[in-house]
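> Using only what follows, build the 3D model:
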Amino acid sequence: MSDKAIRTIVIVGGGTAGWMTAAPLALKLPKTCEVVLVESAEIGTVGVGEATLPTIRHFNLALGIDEADFVRKTQATFKLGIEFKDWGHVGNRFFHGFGDFGPAIENRPAYMYWLRLSRVFKDMPSYEQWSMATMMARGNRFMPPQDELPSITDAYSSAYHFDAGLYAAYLRDYATRRGVKRIEGMIEHVEQHPETGFITALKLRDGRRVEGDLFVDCSGFRGLLIEGVYQAGYEDWSAMLPCNSALALPCAKTLPLTPYTTSTAKAAGWTWRIPLQHRTGNGHVYCDGYTSDAEAERVLLEGLDGEAQGEPRQLRFTTGRRRKSWVKNCIAIGLSGGFLEPLESTSINFIENAVGWLLQYFPNRECRPELADEFNRLVAQRYEYVRDFIIMHYKLTDRTDSEFWRYCANMPIPDTLRHQIETFRETGRVVVYDKEGFN
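The predicted structure is shown next:
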């Protein structure tokens, strides 16, 4: 180690973001770098993010996690994609399956052959039948991809549904076995260097001090460090993504388990259904300017297919991101860095990306601003790419049955998304800004 090497990293907040950050740091960093996580049982976690993208498999694999053990201990089920109901127009159903529509044929994408054949045969079956993930999901079946190129057995991918609280606990055990120090306590004061403004220590309510060289803010919506200390600022995207409330409520599981998430559009938002081994996760994301909390709860309860377990949990949020996720020696990961509604199950993926970029641009104690600038550029870019993708679900609607959907059809959208939509409508070309995202 050089004399400028990071000696202690302090993670503020547990939950999914905190322990997903701690686990890779514990595995990848030298033992001379101590990782400390401070959390308090007095502060709850959001913990409703139960659906993931296929990238979670690579995250777990990089940690050396045994899949069978993980599935058992997190009550996980397999996910082949998301079924969208009543988006676009009432009665519409679309399945976003993970992966491609079959292997390439003579180095050309399979969907090109479907397009050609559909012009010749009027009764050509739906292109969805060319998707292995979609057809397995329709039959409530699952088989892991076999990785045999070229073959239909690897032309798809999969993710998981899991209990977010159990996943955080699973990674906590993983991280602490590898040397992460967990401290239980409430943070009362943040100490800063008088000249540089760098955070130097956290003072806990009981008087203890936790010193560190690098601080990772996983404190959730509060942004205890990134906003509370550094006032990083927040870009509010509510005009383009008007939903600002959610109700979450688990219910008893019903069989058979479905290997996919379900998203159903409603009059002022949408509901989710996520099957786990021990329960079904349910929720209603909505805009409180177009419906009441009481009506939103009625819609949620009406859609349950099992006995409710407890009372609905209310969440309020403002869609957007911090203007900067890395300021001086503080890095925000998870909800402290921003929030986009979980329509495409991206919340945990944002954590995976941020942790990966932290390791890629890992600093020394100087925390050079050039590293922070690159980290901030990548985080901002990814949030904006996903933002546009989610906005598109609302914007491209023919629904006129509620004030909410009429607003969505006419609302302002980013120039980047407008360019993508107009290019496709006029030329049939698809503009993909994010090659590692939703192709």
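
> Could you identify the longest helix within this protein?
Of all the segments of type helix in the chain, defined by DSSP state H, the longest one is helix 369-395.

> Would you mark the buried spots in it?
371-372, 375-376, 378-380, 382-391, 393-395 (16 or more other Cβ atoms under 10 Å). The way it works is simple: take the backbone N, C-alpha and C, and place the C-beta from them, glycine included.

> how about Ser402, what does it touch?
Ser402 is in contact with 267-268, 290, counting by Cβ atoms under 8 Å, 6 or more residues apart in numbering.

> Just send the residues you listed back as JSON lines, with distance to Glu302, neighbour count and pLDDT too.
Supplementary listing: the contacts of Ser402 in JSON lines, determined by distance: Cβ to Cβ, whole Å; neighbours: other Cβ atoms under 10 Å; pLDDT from 0 to 100:
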{"residue": "Ala267", "distance to Glu302": "12", "neighbour count": "18", "pLDDT": "98"}
{"residue": "Ala268", "distance to Glu302": "14", "neighbour count": "25", "pLDDT": "98"}
{"residue": "Tyr290", "distance to Glu302": "18", "neighbour count": "19", "pLDDT": "98"}
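
> Okay, the residue of the chain most remote from its centre and Ser126: tell me how far apart.
Ranked by distance from the centre of the chain (Cα atoms, centre = their mean), the top residue is Val120, with 41.2 Å. Going from Val120 to Ser126 by Cβ to Cβ, to the nearest Å gives 16 Å.

> again, but for Thr77
Taken as Cβ to Cβ, the span from Thr77 to Ser126 is 26 Å.

> Please identify which of the two sits among more neighbours.
Of the pair Thr77 and Ser126, Thr77 is the one with more neighbours under other Cβ atoms under 10 Å, namely 21 against 10.

> does that one have beta-bridge partners, and which?
Residues found in beta-bridge contact with Thr77 (criterion: DSSP bridges) are His161.

> quick one: contacts for it?
Counting by Cβ under 8 Å, 6+ apart, Thr77 has contacts 160-162, 257, 259, 275-277.

> low-confidence ranges in the chain?
Across the chain, the ranges flagged by pLDDT under 70 are 1-2, 43-49, 147-150.

> and if we set it to 90?
Scanning the chain for pLDDT under 90 picks out the ranges 1-3, 40-50, 99-112, 122, 126-131, 144-156, 428, 434-439.

> Centroid-nearest residue for it?
Ser347 (1.5 Å).

> which stretches of the chain form helices?
For the chain, helices defined by DSSP H occupy the ranges 15-28, 55-62, 67-73, 110-120, 132-138, 164-177, 293-302, 347-360, 369-395, 403-410, 415-427.

> Comparing the ones you listed, which comes out most buried?
When neighbours are counted by mean count of other Cβ atoms under 10 Å, the highest per-stretch mean among the helices of the chain falls to helix 15-28, a mean of 24.

> Tell me the helices and strands packed up against that one.
The helices and strands touching helix 15-28, judged by 3 or more Cβ pairs under 8 Å, 6 or more residues apart in numbering; DSSP states H and E, are strand 8-12, strand 34-39, helix 164-177, helix 347-360.

> among the ones you listed, which is nearest Asp217?
Comparison of the helices and strands packed on helix 15-28 against Asp217 by Cβ to Cβ identifies strand 8-12 as nearest, at 5.4 Å.

> Same question for the closest one: list its buried residues.
For strand 8-12, using 16+ other Cβ under 10 Å, the buried residues are 9-12.

> what about the strands in the stretch 101-250 of the chain?
159-161, 181-184, 187-192, 199-204, 209-211, 214-217, 234-236, 245-251 (DSSP state E, counting those that start in this stretch).

> So for Tyr407, which of the ones you listed sits nearest?
For these, proximity to Tyr407 was assessed by Cβ to Cβ; strand 245-251 is nearest, at 15.7 Å.

> got a list of contacts for that closest one?
Looking at strand 245-251 with Cβ under 8 Å, 6+ apart, the contacting residues turn out to be 48, 279-288, 293, 296-297, 300-301, 304-317, 341.

> That one vs helix 293-302, what angle?
Orientation check (axes from the mean of the first three to the mean of the last three Cα atoms, to 10 degrees): strand 245-251 against helix 293-302 gives 30 degrees.

> Centre of the chain to strand 245-251, how far?
On the basis of Cα atoms, centre = their mean, to the nearest Å, strand 245-251 is displaced by 17 Å from the centre of the chain it belongs to.

> Could you double-check that Arg273 sits in contact with Leu257?
No: with contacts defined as Cβ atoms under 8 Å, Arg273 does not count as touching Leu257, sitting 11.4 Å away.

> neighbour count winner among those two?
When Arg273 and Leu257 are compared for neighbours, Arg273 comes out ahead with 23 against 16, by other Cβ under 10 Å.

> Now render the helices of the chain as TSV, adding distance to Lys4.
Listed next are the helices of the chain as TSV, based on distance: least, Cβ to Cβ, whole Å:
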stretch	distance to Lys4
helix 15-28	18
helix 55-62	27
helix 67-73	37
helix 110-120	52
helix 132-138	48
helix 164-177	25
helix 293-302	52
helix 347-360	17
helix 369-395	13
helix 403-410	51
helix 415-427	39
